[in-house]
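>>> Starting from these lines, generate the structure:
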Amino acid sequence: MQVFGLLGNPVTHSLSPPMHEAAYAELDLDARYVTFEPAPEALEAAICGAQALGIAGLNVTIPFKQDVLELVEPDDLAARIGAVNTIDFSGETPTGHNTDAIGAVRALRDHDVALDGTAVVVGAGGAGRAIAFGLADEGMTVRIANRTEQKAHDLADAVPNATGHGLGDLDKLLADASVLVNATSVGMESDETPVPKAALHDELAVLDAVYRPLETRLLRDARAVGATTVDGAWMLLYQGVEAFERWTGNDAPVSVMNIALRERL
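Okay, the predicted model is just below:
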């Protein structure tokens, strides 16, 4: 039996186990997905222990995505993003990957969004960083807007074809943009949006990385003006799909994983 899992602290309410377990059942794979919650000071021991025990792969979540970089061999994308959320133990040395970027790209593609032209990413934290690199690698021009403008400039310096801005520039930034991604937590705990409704238009595709609630105020506003909307569960789904396919070499049963995920939201 192959064992996969999630490394984080806390991981109690993770939606990854049911999503991956549903995929194993659908493809009749002899595999299980479990959660591990080591103390921060035990991270290195946890990675070494997982390798010694023959664990096949791990997802990584907060607060370990940056720290684990020093304990694995990151691929080019993970190194540029500066964070790992997937570890593959199939080789002699554990390799680190970042499927958040690919998750956002695949979520948009699943909704027939053309990834050309200009994208506006709101937020310069971990999620914003991954998404900005992912969209830039697709060839998009990326405008990063953040509450602390200097953080947006710092991120833009690292991302190809990117510029940094403050939130006050959103009206101007979105006027000719084709993609908008909210990579902040605004809208998770309250009925708020980081983007003024007046800045939205019907030629936008809007992805909100928030998945609780599924329909945020930003997505309601975007739908009201005729924009294409993509809820955050699609990004969560596809980062898991990418990890599953990397680990198992099988095409993921996407619809089955999607049902398992949404049943628990």
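
>>> Just the pLDDT at G54, thanks.
pLDDT recorded at G54 is 96.

>>> likewise T12?
Predicted confidence (pLDDT) for T12: 89.

>>> Can you read off the backbone torsions of it?
T12 adopts backbone torsions of phi -60, psi -40, taken as degrees, to the nearest 10.

>>> now A119
Dihedral angles (degrees, to the nearest 10) for A119: phi -120, psi 140.

>>> so it bridges to which residues?
V142, V179 (DSSP bridges).

>>> if I pick it, what's in contact with it?
For A119, the contact set (CB atoms under 8 Å, 6 or more residues apart in numbering) comprises L135, M140, T141, V142, R143, A177, S178, V179, L180, V181. All C-beta spots, glycine's among them, are computed from the backbone N, C-alpha and C.

>>> Near A224, how many other residues are there?
By the measure other CB atoms under 10 Å, the count of residues near A224 is 12.

>>> picking that back up, which of the contacts of A119 lies closest to P196?
Of all these, P196 sits closest to L180, with 11.7 Å by CB to CB.

>>> Could you double-check that the closest one lies in contact with P194?
No: using CB atoms under 8 Å, L180 is not in contact with P194, being 10.0 Å away.

>>> Now do the shared contacts for the two.
Common contacts of L180 and P194 (CB under 8 Å, 6+ apart): V122.

>>> Neighbour count: those two, which is higher?
A direct count of neighbours by other CB under 10 Å for L180 and P194 places L180 higher, at 27 against 21.

>>> Check what pLDDT the more buried one gets.
Here, the pLDDT recorded for L180 equals 98.

>>> Distance check, it against H201.
10 Å (CB to CB, to the nearest Å).

>>> got it, and E70?
E70 is 44 Å from H201, by CB to CB.

>>> Just put the contacts of A119 in a markdown table and tack on distance to Q239.
Listed next are the contacts of A119 as a markdown table, based on distance: CB to CB, whole Å:
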| residue | distance to Q239 |
| --- | --- |
| L135 | 15 |
| M140 | 19 |
| T141 | 24 |
| V142 | 19 |
| R143 | 23 |
| A177 | 23 |
| S178 | 22 |
| V179 | 18 |
| L180 | 19 |
| V181 | 14 |
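
>>> Which members of the residues you listed are classed as buried?
Applying 16 or more other CB atoms under 10 Å to the contacts of A119, the neighbour count classes L135, M140, T141, V142, R143, A177, S178, V179, L180, V181 as buried.

>>> follow-up on the earlier one: who has more neighbours, E70 and H201?
Set E70 next to H201 and count neighbours by other CB under 10 Å: H201 wins out with 15 against 12.
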